[in-house]
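Undergrad: Take this sequence and fold it.
(chains A and B)
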Amino acid sequence: MHASLRRVYWWLIAPAVLLMLVFYIYPLIQVLWISVTDPVPGLGNYSELIDRALIHRIWMTTIRVCVITTAITVVAGYIVAYTMAQVGERQRTWMMFCVLLTFWLSVLIRAFAWVMLLRTQGLINTGLQELGLIDQPLRLVRNEFGVIVGMVHFMLPLAVLPIYSNMTGIQERLVSAARGLGASPWVAFKDVYLPLSKPGLISATILVFVFSLGFFITPALLGGGKVVMISEYIQVSFEETLRWGQATMLASTLLFSVFLSLALVARFVDLKKVFGAR
Amino acid sequence: MKKDPRVVFGRCVVYGLAWTVLAFLVLPMIIVVPVSFTDQYYLSLPKEELSLQHYAAFFEKEIWLAATLDSVIVATFSTVMALLLGTLCAIGCWRLASNAAESVRTFMLTPIIVPTIVQALAMYRFWIDLGIMDTYFGLILAHTLIAIPYVVITVSASLANFDVRLEQASRNLGASTSQTIRWVILPSIVPGMLSGALFAFTISFDEIVVALFITSRNVYTLPKRIWDGIQDHLDPTIASIATMLIAVTLALLLTELWARQRRRARLTARIEAGEG
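TA: Residues are numbered from 1 along each chain as shown, chains lettered A, B, ... in the order given. Model prediction:
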């Protein structure tokens, strides 16, 4: 290609890149900068990560909820994707339909529906009480149970889609061959199918974990102030106490954790594939 | 080969589990529909009769309609901007096909990875400096930035299937860059642009975290009203909005499935005609 032609194509890229640099990257750098300069220059804000028990607890809650959510989501997503890869065209279309409908529906609406179902006077509690199965309403919301239910619900499509798309490339003949050579159904699955589906499984795990770490809406609504994860605490420390130093420090730490998780897994998988850039 | 009973049993268990998971996925949507027709003044299933009062509340109350209008305005403008910038960027990266262009494309994905709360905080600070807090322009700019990566991804995906030689042929026949883009590249990436636009619109229409930070009174989007409604007293109007949104999502999804099936049918017909 001629140099002049190359320049034309760079001009196509330029507006988007400039916009991103000025209005997205620069503000992010500003956050990092404030975290080490406000109220006084230095790593004072970061020492809270070590010193303050409250912040320890919030990070522990965040990591616990994220790990549990990721584990449940990936296992459940694998089961759905595996079934989709096995059943006939008609049933698969229906299953895909359920997944895509959930995927496209507003996050806020889904969180709302779960609050409606799970709260003390919610449909599940009143239903169970009318059936006489329980006397006291169960505590289903404003605790980690509620948060995890909502988060798994949000993350499931994000797990099913990459796992399934990987499975469509697996040759079923390989499993048949293993069976023909005398492997039991379980061994054929475990030693042949599972390793072949590992790329999709890893992609799903990364996606779900990374998105869970910074998730705000569902934990804030279903946690009801009782289960405070890092994202919500950033909002609280910014809106209620106006402590910019602390808020930006936590935001920077969250950003680093996300990039660190990605950097760790980038050694094993091609991240561009995970995010669909290829 | 005779079916091994263990296989049959195992398969039934797995399929059963899969459908249970899917039931869990659609359960909230199925419940919210009857609740929206409740005759009560609080969130519950209809007791005596079906009622449209919560739909009426949505269409009669100024705040809900104004919020919907705000959301539509913001989503429309940010979709157009994201589509324009994202498509051009994807075309440029695809045609240059160098390592640098590849890095640019990866760089454009940043907003997907950065946690929403972090970007909201960052924008809040910078938007104050720029003096665009609580303006339509400010929110449209923010949503454009968030949506660009999705357009870049979907358009890049459809460009991956596009034959570069068509573009070269067009140039050899004397077309300029803009003519080539307009008449050769664009038509073949329309499906990618459409799904990118759909992504952009949905993301903006649904976005709440950044909106909570950078808007207050002037711009009040639908998600912000819904957020308030959930926090306050679980306004049943939200159930009617939820039902309408489910209906729209359903309609879009069905259209998409139908279009895909038609494309496939047409392709099969063409192949058969060609062979016959």
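Undergrad: Contact partners for the residue nearest to residue A:207 when sequence neighbours are not counted?
TA: Using C-beta to C-beta, 6 or more residues apart in numbering or on different chains and skipping the chain neighbours, the partner closest in space to residue A:207 is residue A:158 (5.2 Å). Using the backbone N, CA and C atoms, a C-beta is placed for each residue, glycine as well. Contacts of residue A:158 were listed using C-beta atoms under 8 Å, 6 or more residues apart in numbering or on different chains, and they are A:73, A:103, A:204, A:207, A:208, A:211.
Undergrad: Please save the CA atoms from stretch B:103-119 in CSV.
TA: Provided in CSV are the C-alpha atoms of stretch B:103-119 (Å, rounded to 0.1, in the frame of the first residue of the first chain):
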residue,chain,number,x,y,z
SER,B,103,-2.8,-2.4,19.0
VAL,B,104,-5.2,0.5,18.3
ARG,B,105,-8.1,-1.9,18.0
THR,B,106,-7.2,-3.5,21.3
PHE,B,107,-6.8,-0.1,22.9
MET,B,108,-10.3,0.8,21.8
LEU,B,109,-11.7,-2.0,23.9
THR,B,110,-10.5,-0.3,27.2
PRO,B,111,-14.0,0.9,28.2
ILE,B,112,-15.3,-2.7,28.3
ILE,B,113,-12.6,-3.7,30.8
VAL,B,114,-12.6,-0.7,33.1
PRO,B,115,-15.1,-1.2,35.9
THR,B,116,-18.1,1.2,35.4
ILE,B,117,-17.7,2.8,38.8
VAL,B,118,-14.1,3.8,38.0
GLN,B,119,-15.1,5.4,34.7
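Undergrad: related to what we said a few turns ago, next one: the residue nearest to residue A:207, what pLDDT does it get?
TA: The predicted local confidence for residue A:158 comes out at a pLDDT of 93.
Undergrad: tell me which element it is part of?
TA: Under the criterion of DSSP states H and E, residue A:158 resides in helix A:144-167.
Undergrad: Can you mark which positions in that helix are buried?
TA: Along helix A:144-167, these residues count as buried under the neighbour rule (16 or more other C-beta atoms under 10 Å in any protein chain shown): A:144, A:146-164, A:166-167.
Undergrad: Next secondary structure after it?
TA: Going down the chain from helix A:144-167, the next helix or strand is helix A:172-180, by DSSP H and E.
Undergrad: roughly how far is that next one from the heart of the chain?
TA: In terms of C-alpha atoms, centre = their mean, to the nearest Å, the centre of helix A:172-180 is set 34 Å apart from its chain centre.
Undergrad: What of stretch B:207-214?
TA: Taking mean C-alpha positions (C-alpha atoms, centre = their mean), stretch B:207-214 and its chain are 17 Å apart.
Undergrad: Pretty sure residue B:32 sits against residue A:116.
TA: Yes - here residue B:32 reaches residue A:116: they are 6.9 Å apart, a contact under C-beta atoms under 8 Å.
Undergrad: Now residue A:142. Its backbone dihedrals?
TA: Backbone torsions for residue A:142, taken as degrees, to the nearest 10, come to phi 60, psi 30.
Undergrad: Pull the contacting residues for it.
TA: Shown in contact with residue A:142 (C-beta under 8 Å, 6+ apart): A:222, A:223, A:224, A:225, A:226, A:227.
Undergrad: wait, does stretch B:31-47 contact chain A?
TA: Yes - counting by C-beta under 8 Å from any C-beta of the partner chain, chain A is contacted by stretch B:31-47 at B:31, B:32, B:35, B:43, B:44, B:45.
Undergrad: tell me the SS of the fifth one?
TA: Going by DSSP: H, G, I helix; E, B strand; the rest coil, the secondary structure assigned to residue B:44 is coil.
Undergrad: Give me the pLDDT value at it.
TA: Predicted confidence (pLDDT) for residue B:44: 81.
Undergrad: Run the contact check for stretch B:246-258 versus chain A.
TA: Yes - using C-beta under 8 Å from any C-beta, stretch B:246-258 reaches chain A at B:246, B:249, B:250, B:252, B:253, B:257.
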